[in-house]
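*Asks:* here is my input, please return the structure:
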Amino acid sequence: MNELDKKINEIFPGLVVRKDLVKMVKGNAVVPTYVLEYLLGQYCATNDEATIASGIENVKEIIRQHYVNRNEAELIKSHIKEKGHWKIIDKIGVDLNDRSGIYEAEFSNLGIKKVPIDSDTVKRNRKLLVGGVWCLVDVSYDVSEDRAISPWQIISLKPVQLSGFDFDEFLRLRKQVTYDEWIDILLQSIGFDPERFGRRNKFFQLMRLVPFCERNYNLLELGPKGTGKSHVYAECSPHGMLLSGSEVSVPKLFVNNGNGKIGLVGYWDCIAFDEFAGRQKKADKKLVDIMKNYMANKVFSRGIEPLGAEASFAFVGNTSHTVPQMLKLSHLFEDIPDAYLDSAFLDRIYNYIPGWEVDIIRGEMFSQGYGFIVDYLSEVLHALREFDYSDRYTKYFTLSSTISTRDRDGVNKTFSGLLKILFPDGEATEDQIKELLEYAIEGRKRVKDQLMRIDKTYNPVDFSFTDNASGTKHSVRTLEQIQYPRFYGVQESLQPESQPIEIQQENRNLLASSQVVSSTAAKQEPIQQSKTSEHYLEVVENQRGIDFDGLFGEYVRGATSILVVDPYIKLFHQARNLMEFIATVLRFNDAGDEISIKLHTCIDDLRPDIQEGYFAQIQESCRSEGIEFLWEYHAQKSMHDRYIETDTGWRISLGRGLDIYQSCDLKSAFSFTAWMPSQRSCKPFMVSYMKTKKD
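*Replies:* You can find the predicted model right below:
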């Protein structure tokens, strides 16, 4: 266990599980993840490997012997009859028989109904009355002469799913965890390793949870294949339903006029439409029209009477082109089926998650740490639907008056959902609220900016907010707007006023410089070569088009002695970054030049031999090109700054050192991110270029 794992186990005992264990026990059983995690939480809530191994075998045996598959229901019934009684795992729902005044249970997979269950059991497990609970039940069979008495009897019942939830206790426990720790706990709870994600990508994962805690919330996510868009909706809550886009019909989703039975919107917190994209896909125009009314007004009607519901919608699908291609030729909605490519429908989307920024999910990105059992997390989110935090930012900030009511609703609901997830008591600092508000505004802005491309009747909107105390205006831009300004087509008057003009210009210069000296950024904006000058650059998280040639090439040209000071050159990807910097030095100098590069860094206390091996290999490669590479280790406390210094008089201060890229697959021979640094997503960082001696 790391420190976070220890902390969550201490604060939430019995409610957490090691996330990599589920795959070990699931096998071929069609058992909900939340049932498996509950069992694992009972048998494997420890860091002792022997106990975990024993617990896994116990859970496997329980599933093998007691889980009821529907196609084996009659066999299990026969087994119970012959044995007299048997323990099974099934979903049990309970109804009150009004005439007899007794509670009666129904077994979902076993298919038996009207089985008497005592009042005390129901009182202890109230969720039996609302949707049902998965349970380990000892069932007996005994035929009575009285035909009115069911032959099936419940001897004992133990929930294998959370049967009760204390929200006040949850709020108390949440306060024992810091903001950043809570974000990482949530990431681990949905199955991902937080160390593999940048802060921005962590928020995109959390945004997928908003439909579960916010009523009538409409979310869209489009992006490349393999980014885990449907994972949360399929695995992380018994209150959610994942549908294939082709499975949707008006009676199934809303109401069946034949029998008056309400559809899925009346039973689920969140309905996710998988494989939503595909221009060739057909959709029922009547369905789209009813969806538009429901998404806007929370009610629907099929000509009989208006009905209301609270289910949120999440639409997820794949894109077929890159972002610059979509912006250049059409818009970011281009892969949506024609029936849904309706400005009135799209205007009801509150947030558009940029799926192209989310990394392709690789094996090492899944968590091996501890997170909440899914059932507990789902109950937290379900309970939060009762609250509304949409106005909590107004204490500190005011939205621009040009933001329309529908835009404002989208921003407010996204902000409310994020605040609930991260601060369930609604209490956050001004800086924390500002961060959530910026994400909420950006997601709605992405929707509106693309609507203006589709429907010219929409007017430009100033997506900004003002600090109530200082009067400072903060404008929000999407990353696509920053990275592809020529294709994005948003008026210059809407550029951020809170950001210094020189920094805005330098950001554009940075995008430019990363292409001039390298052909790897061919898909970025073509602009003129930048010259060396004293200035300051800021790169935003997930920005692409940045490589070491563009950052350092002109500044190391002609240098014969270069000092690199970076305490964190320890891991493989950090050593790889150093090697790519040296390659830049090689490209920007003549083959006959004698160059010395010296590294000051800190020793890796955990794997010093591996670190030393990296440096030895770099040294050998440099020697073959006439470059002398040397390194020195310094104490961590003595290394405060990260910078590059050349004997030509340049000092380049590095906010993050050379570790500027998000986690990606650097070892694949067929990955563009391995071959082309400009295709990697960046971490947020700053660079300052200063002249230490005048020419």
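*Asks:* kindly state the domain boundaries assigned to this protein.
*Replies:* Using automatic domain parsing, the domain parsing of the chain gives 3-66, 70-159, 167-382, 388-499, 503-691.
*Asks:* distance between the ends of the shortest one?
*Replies:* Right, the one you point to is domain 3-66. 37 Å (CA to CA, to the nearest Å).
*Asks:* pull the distance from it to the chain's centre.
*Replies:* A distance of 23 Å separates the centroid of the chain from that of domain 3-66, by CA atoms, centre = their mean, to the nearest Å.
*Asks:* right, and residue 600 touches residue 565 too?
*Replies:* Yes: applying CB atoms under 8 Å as the test, residue 600 and residue 565 come out as touching, 4.7 Å apart. For glycine as for every other residue, the C-beta is placed from the backbone atoms N, C-alpha and C.
*Asks:* what touches both of those two?
*Replies:* Any residue near both residue 600 and residue 565 by CB atoms under 8 Å, 6 or more residues apart in numbering counts here, and that gives residue 639.
*Asks:* export the domains of the chain to JSON lines and tack on mean neighbour count and mean pLDDT?
*Replies:* Supplementary listing: the domains of the chain in JSON lines, determined by neighbours: other CB atoms under 10 Å; pLDDT from 0 to 100:
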{"stretch": "domain 3-66", "mean neighbour count": "17", "mean pLDDT": "83"}
{"stretch": "domain 70-159", "mean neighbour count": "16", "mean pLDDT": "88"}
{"stretch": "domain 167-382", "mean neighbour count": "19", "mean pLDDT": "90"}
{"stretch": "domain 388-499", "mean neighbour count": "18", "mean pLDDT": "90"}
{"stretch": "domain 503-691", "mean neighbour count": "17", "mean pLDDT": "84"}
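*Asks:* could you find the closest non-adjacent residue to residue 576?
*Replies:* Nearest residue to residue 576, sequence neighbours excluded (CB to CB, 6 or more residues apart in numbering): residue 666, at 5.6 Å.
*Asks:* typo on my end, it should be residue 334
*Replies:* By the measure of CB to CB, 6+ apart, the closest residue to residue 334 outside its immediate chain neighbours is residue 326, 5.5 Å from it.
*Asks:* what sits against the residue nearest the centre of the chain?
*Replies:* Taking CA atoms, centre = their mean as the criterion, residue 205 is the residue nearest the geometric centre of the chain, at 0.9 Å. Applying CB under 8 Å, 6+ apart, one finds that residue 205 lies in contact with 187, 190, 192, 197, 232, 358.
*Asks:* of these, which is the nearest to residue 148?
*Replies:* The shortest separation between residue 148 and any of the contacts of residue 205 is 46.8 Å, and it belongs to residue 232 (by CB to CB).
*Asks:* now do whichever strand or helix holds the closest one: distance to the chain's middle.
*Replies:* Under the criterion of DSSP states H and E, residue 232 resides in helix 231-235. Mean-position distance between helix 231-235 and its chain equals 11 Å (CA atoms, centre = their mean).
*Asks:* what's in contact with it?
*Replies:* Defining contact as CB under 8 Å, 6+ apart, one finds that helix 231-235 is touched by 33, 190-191, 205, 208-209, 240-242, 270, 272, 274, 314, 316, 361, 374.
*Asks:* in a strand, residue 88, correct?
*Replies:* Yes: under the criterion used here (DSSP: H, G, I helix; E, B strand; the rest coil), residue 88 sits inside a strand.
*Asks:* my guess is it meets residue 134, correct?
*Replies:* No: taking contact to mean CB under 8 Å, the distance of 10.8 Å between residue 88 and residue 134 leaves them out of contact.
*Asks:* packing partners of the helix or strand in which the residue nearest to residue 334 is found?
*Replies:* In the assignment (DSSP H and E), residue 326 maps to helix 323-329. Of the remaining helices and strands, those touching helix 323-329 by 3 or more CB pairs under 8 Å, 6 or more residues apart in numbering; DSSP states H and E are helix 479-483, helix 485-488.
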